[in-house]
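>>> Show me how the following folds:
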Amino acid sequence: ACTIASIIDAGATELKDIDISDSLTLVSSGAITLGTLNVGTLSATGTSISEDLSANVTVTNRATLTTAGDIGLTTGTNRFGSLSLTGSDVTVNEIGGTQLDFVQAKSLDVVSDGIVEDGLNAEITVDDDLTILALGDVTFGDQLGESIEFGVINITGDNITIVESDDSSLGFITGESFDLQTAGNISQVSTSILDIKSDVILNANSGNSNITLSQNNNAFGSISLRALDANIVENLGDNGTALGTVEVESLDLASSGAVTGSAIIKVSDEISIVAGEGLESVTLDNVDNRLNRVSVAGTDAKITNSQ
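Below you'll find the model as predicted:
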């Protein structure tokens, strides 16, 4: 095997049976199709980038793929150290976990049998839909110096953590836990389904922006909120709503079942709760709760207020 190779091609390019211990650089004026590759570092630029049905692409370090067209690495067996992706509609399947260092794309679809995470100082911008299916945790933006911006977020994973540099729009989210911090509002699209088994923690711009989760297919183990105004609907299933720590100006909560909260709840303006269409109980019993105006529709309300 050679150590370094550079290829410049004036037409469409198909690469197969390449074994290079160091780096491979490919610049094509046409479409690039990858076959079986085993390289240390890969840089590929073309009008589109795809792989054939029998592809086995292994890049030990970073793979940098650049195109004005689509990137589709979905048919073969792929392993990357990390990924830098520039394209329109970008789809990547990977075994062994996925690390994204840079993404500039219209849409991004990642399927991974491990964790999905960003690298140090990552810059990830997806204008439309982000779709991730992971068999492990999903983490974006948890380190200083990162820039993370998505259109609509769709994620299936275990523990999901996102720090986004703008507003957040939620589509289909399912996982064990969900921790979302944004620099703007948090909302969900009309077809959204949020199904989180344990803790949901939502922080909208350090309490200076709004949270609106008002669609009809939400279920949380518990939900903690920091926002200006929060509007929450939880009616997927019949387990009711368990509130964690809440710090908001106003809270409008509609639950299909009982509403409970043993953590500190601070609502500076008005809190309005409907529990099971008025047929279930409401219990907010922390002695340090700070509530102003309270409106409750429920059969049995037990509310503790320190002010």
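>>> how many other residues sit next to the closest residue to Asp269 other than its chain neighbours?
The spatially closest residue to Asp269, leaving aside those adjacent along the chain, is Ser250, at 4.6 Å (Cβ to Cβ, 6 or more residues apart in numbering). Any C-beta I mention is one placed from the backbone N, CA and C, and that applies to glycine too. By the measure other Cβ atoms under 10 Å, the count of residues near Ser250 is 18.
>>> what do you get for Asp269?
13.
>>> Can you classify it by secondary structure?
Secondary structure assignment for Asp269 (DSSP: H, G, I helix; E, B strand; the rest coil): strand.
>>> And it, how far from Ala263?
In this view, Asp269 and Ala263 are 19 Å apart by Cβ to Cβ, to the nearest Å.
>>> Next, count neighbours for the closest residue to Ser281 other than its chain neighbours.
What sits nearest to Ser281 in space, not counting adjacent residues and going by Cβ to Cβ, 6+ apart, is Asp300, at 4.2 Å. The burial count assigned to Asp300 is 11, neighbours taken as other Cβ under 10 Å.
>>> what sits against Glu123?
Under the criterion of Cβ atoms under 8 Å, 6 or more residues apart in numbering, the contact list for Glu123 reads 102-104, 146-147.
>>> now do Ile124
By Cβ under 8 Å, 6+ apart, the contact list for Ile124 reads 100, 102-103, 118, 140, 146-150.
>>> Okay, now the unreliable bits of the stretch 151-300 of the chain?
Under the criterion of pLDDT under 70, the regions of the stretch 151-300 of the chain flagged as low confidence span 237-238.
>>> any idea where the strands of it begin and end?
Counting by DSSP state E, counting those that start in this stretch, the segments of the stretch 151-300 of the chain that form strands are 159-164, 168-175, 177-182, 186-204, 211-213, 218-226, 229-234, 241-248, 250-255, 259-261, 265-275, 282-284, 290-297.
>>> tell me what the first one is packed against?
With contacts defined as 3 or more Cβ pairs under 8 Å, 6 or more residues apart in numbering; DSSP states H and E, the secondary structure elements packing on strand 159-164 are strand 138-140, strand 147-156, strand 168-175, strand 177-182.
>>> quick one: the closest residue to Ser169 other than its chain neighbours from Val138, how far?
Sequence neighbours aside, Val152 is the residue nearest to Ser169 in space, at 4.9 Å (criterion: Cβ to Cβ, 6+ apart). Between Val152 and Val138 the computed distance is 15 Å (Cβ to Cβ).
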